[in-house]
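1. predicted model and sequence below, questions to follow.
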Amino acid sequence: MTAIAWQRRRAAARATWREFASQRGGLVGLIGLAVITVLAVLAPLVTDASGLDVTRVTARPWEPPSASHWLGTDHNGRSVLLLTWWGTRISLVVGLAATVLSVLIGTVVGIAAAHFGGWVSAVLMRFTDFFLVLPSLVLAIALSTVLPRGLGTIVLAIGVTSWPATARLVRAQTLAVEARPFIERARALGGGHGHVIGRHVLPAVLPLVFVNTTLTVASAIVAESTLSFLGLGDPTRVSWGSLLHAANMHGAVSQRAWWFLVPPGLGVVCVVLAFTLCGRALETVLNPRLKGER
């Protein structure tokens, strides 16, 4: 990459950041995600994981919030604050991993369908329509029930059922890009499929893919929480969904232990809201159609 090209990219990145920074909602979401991510990374460093072990707790079950346990204790006497803090890690990891898988499948299918056209497009889009017709949550529940329980199963169940929307978005953008004159010139000069996709189509599609990725993470985290709440998550891991499942199974409502229900629920709401705010702000900045409307 030449110095001039590098300077142009830096200038474009600065302009994009200034436009993103003008979106107050996006900045709030970005700050929220930064705080949540830092807390998740620091959890093993500043907390004692032995507090998650039910055989080593010393507090009484269902203790209300106090100076010793700021968010009270659960049915086993474990600190709800500690459980919620560690649950952040699993919820984020599963949400991000499932999103990467979903976006990867959707991007490959969308670009292939638009670029090659013909029978390839027909087969891929009918396959996409099949997944669009099926309720993704129901299909994810079915996969989680059949496959061995674990984090990998949750990631796979969410990833392979949530890619059709990405595929349709990428296909539409790829068709728009390949209708431009510089694609015809590249082909006339002997550019093959790999050259056209790698040098022209993919760079033009990636901004929208990145925006869609941010929005998909929110949906993936909700899906993970739902599956874990239904008892289909990894029983050896603590996540926000598994905490809500435990609260439901052990009668937190009848015990009036609101402190066991509210923190994990608020965690899901805050993370989903932060990703959504960031995604909408990025969409406004990077989506050419929305930029043209402003």
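-> Cool, got the structure.

2. list the helices and strands the strand or helix carrying R14 packs on?
-> Using DSSP states H and E, R14 sits in helix 3-21. Applying 3 or more CB pairs under 8 Å, 6 or more residues apart in numbering; DSSP states H and E, we find helix 3-21 packed against helix 24-46, helix 258-286. All C-beta atoms are positioned from the backbone trio N, CA, C, and that covers glycine.

3. what about the residue nearest the centre of the chain, which helix or strand?
-> Taking CA atoms, centre = their mean as the criterion, V217 is the residue nearest the geometric centre of the chain, at 1.4 Å. Per DSSP H and E: V217 is located in helix 202-229.

4. if you count neighbours, what's buried in that helix?
-> Neighbour counts over helix 202-229 (16 or more other CB atoms under 10 Å) mark 202, 204-205, 207-209, 211-229 as buried.

5. just the buried residues of stretch 137-149, please?
-> Buried-residue list, stretch 137-149, by 16+ other CB under 10 Å: L137, L139, A140, I141, L143, S144.

6. quick one, what contacts the last one?
-> Going back to what we said before, that points to S144. Under the criterion of CB atoms under 8 Å, 6 or more residues apart in numbering, the neighbours of S144 are T153, I154, A157, L227, L232.

7. gap between the closest residue to the last one other than its chain neighbours and S102?
-> Excluding its sequence neighbours, the residue lying closest to L232 (CB to CB, 6 or more residues apart in numbering) is S144, at 4.1 Å. Spatial separation of S144 from S102 under the definition CB to CB, to the nearest Å is 15 Å.

8. and what of Q23?
-> In terms of CB to CB, Q23 sits 25 Å off from S102.

9. repeat for L137
-> Counting by CB to CB - L137 and S102 are separated by 14 Å.

10. contacts only, for Q23.
-> So Q23 contacts A281, T284, V285 (CB under 8 Å, 6+ apart).

11. go again using 10 Å as the cut-off
-> G29, L30, L277, C278, R280, A281, L282, E283, T284, V285 (CB atoms under 10 Å, 6 or more residues apart in numbering).

12. try T161
-> Counting by CB under 10 Å, 6+ apart, T161 has contacts 98, 102, 131, 134-143, 223.

13. narrow the residues you listed to those in helices?
-> Per DSSP state H, helices hold the following members of the contacts of T161: A98, S102, F131, S136, L137, V138, L139, A140, I141, A142, L143, A223.
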